[in-house]
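Visitor: One predicted model, sequence on top.
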Amino acid sequence: MDSIKKYIRGYVRIRLESPAPDRFFSLCVHNRIPLRNLTQEASFYEMELSARDFLRLGRFRRKTDARIHILSKNGLPFFLLHARKRKAFFLGIFLGFFLLFVCSLRIWDIQITGNRYYTTPVLLDTLSEWDIRCGMAKKNVDCQKLMQKIRQAFPGVVWVSAKLKGTCLIIDIRENDEIPQPTDVLTNTLTSWDLTAPWNGTVVSIITRMGMPQVKPGDVCKKGDILVSGSVAILDNDSQIQRYEYVRADADIVIKTQFPYYDEFSRTVTVKSYPGEQESYPFFTLFGTDISWYHAPKNNSEIYRIERRLTLTPSFYLPVTVGKIITVPYEKKSYCYTPKESLELSQKHLQNFLKNLVREDALILSRNIRTRLTANRCRSQGYVIIQIPGSEKTPIVRKALPDSTSSVSETN
């Protein structure tokens, strides 16, 4: 602390040559002038004292017939005196601090954490629609209202926190483990339905939870046939149909069916070769404006952009981005797959098709696929026999009672 005060007040280091140095030191002590870092050489003394006390040494010098030489001037007053001609330097320092102050009043980065189902681009686009974006004033951000709007706009968010830290808006959200998925139109509009066959095939198994099964394992069905009816007949004491009740048919149904397969692609493709060297162009972005030495290449090139946002602290982002743009020239060439490569690619396409069926809980029983090669094309065609669970919801056609000949389609 003493060294800071010493620097602010300013101090000088002097050399004293006097026939009566003891009297000089006594006068300094009597007048309360502190001398620091006092050293003695052969015929002189060196010491430090404040700039203000140095101005009081004139009469002491005359009384002791002393000679005083200034060795160095140190401290803030002498620095300012020496830098009076450097006005541009101090103006730059002032403008720098002023710009930092202006930047601290705005948001220059938005961080979103904790999101899994709702992607960051979707959340940022929504914030932009609410006029929450980089460059806006921090005073215009109401974190409480922002949290409420996020919960209303995204029903899967069960908890959200928004806070301002430095020049950064930090949004932390927690999502429900079971995000509500959109339901089909029939589920939203109908109160009852039948389950029909989505494909031609043979029923392997059927477990009915609600409704009346119309088929049994081993029965052959066609696409559109009713497998489980949502019409339940209510009988009277004479085993006559008194009325029908209509329910939402529900069952687990597995059908053995035959899926067609067709795949065709060209054996001649365009590939890239990279004969040249890549070029790099530095750039920086200031307040959203790019300043770069980059110029668009005349030939075909791949362009990569690498950038980094400048920060003073982990939470104090600046509106300055630095980076480089890399261009990699390439040439397009035609390439024809060999027969072996064509068959391998065709097999890869088939495996992707089978993987998609397995994702839908299908069991692959057999397959019959033939691949033919021509000069320019590769064609695969055939079928796959599978067991797959599935059914389709179909609106119920209301049944007439035995004494009625009219039927009305359900409108609810």
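Guide: Yep, it's here.
Visitor: make it CA atoms for all contacts and neighbour counts henceforth
Guide: OK.
Visitor: how far is the helix or strand residue 152 falls within from where the chain is centred?
Guide: Under the assignment given by DSSP states H and E, the secondary-structure element containing residue 152 is helix 143-153. Centre-to-centre, helix 143-153 and its host chain are 19 Å apart (Cα atoms, centre = their mean, to the nearest Å).
Visitor: How about residues contacting stretch 34-52?
Guide: With contacts defined as Cα atoms under 8 Å, 6 or more residues apart in numbering, stretch 34-52 is touched by 6, 9-18, 28, 33.
Visitor: ditto for stretch 191-211
Guide: The set of residues that contact stretch 191-211 without belonging to it, under Cα under 8 Å, 6+ apart, is 215-232, 246-258, 387, 390-396, 412.
Visitor: Report the mean per-residue pLDDT for it.
Guide: Averaging the model's pLDDT scores along stretch 191-211 yields 91.
Visitor: Any idea how far apart the tips of it sit?
Guide: Between the opening and closing residues of stretch 191-211 there is a gap of 13 Å (Cα to Cα, to the nearest Å).
Visitor: now stretch 48-67
Guide: One end of stretch 48-67 to the other measures 15 Å (Cα to Cα).
Visitor: which parts of that stretch are buried?
Guide: For stretch 48-67, a neighbour-count test (16 or more other Cα atoms under 10 Å) marks 48, 49, 50, 51, 53, 54, 60, 61, 64, 66 as buried.
Visitor: Repeat that for stretch 134-147.
Guide: Going by 16+ other Cα under 10 Å, stretch 134-147 has these buried residues: 134, 135, 137, 138, 141, 146, 147.
Visitor: Can you give the distance from it to the centre of its chain?
Guide: 19 Å.
Visitor: Please apply the same query to stretch 301-311.
Guide: 16 Å.
Visitor: Check stretch 351-363 too.
Guide: 31 Å.
Visitor: Need the residues that contact it.
Guide: Counting by Cα under 8 Å, 6+ apart, the neighbours of stretch 351-363 from elsewhere in the structure are 364, 386, 387, 388, 389.
Visitor: Widest-spaced pair of the buried residues of stretch 134-147?
Guide: For the buried residues of stretch 134-147, the farthest-apart pair by Cα to Cα is 135 and 147; their separation is 19.9 Å.
Visitor: picking that back up, tell me what the helix holding residue 152 is packed against?
Guide: The contact analysis (3 or more Cα pairs under 8 Å, 6 or more residues apart in numbering; DSSP states H and E) places helix 143-153 against strand 157-165.
Visitor: how about the CA coordinates for the strand it packs on, as CSV?
Guide: Presented in CSV, the C-alpha positions along strand 157-165 are these (Å, rounded to 0.1, in the frame of the first residue of the first chain):
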residue,chain,number,x,y,z
VAL,A,157,-40.1,-27.7,-20.7
VAL,A,158,-40.8,-28.3,-17.0
TRP,A,159,-38.2,-25.9,-15.5
VAL,A,160,-36.4,-22.9,-17.0
SER,A,161,-33.9,-20.4,-15.6
ALA,A,162,-32.8,-17.2,-17.4
LYS,A,163,-30.1,-14.8,-16.1
LEU,A,164,-27.8,-12.1,-17.3
LYS,A,165,-24.1,-12.6,-16.5
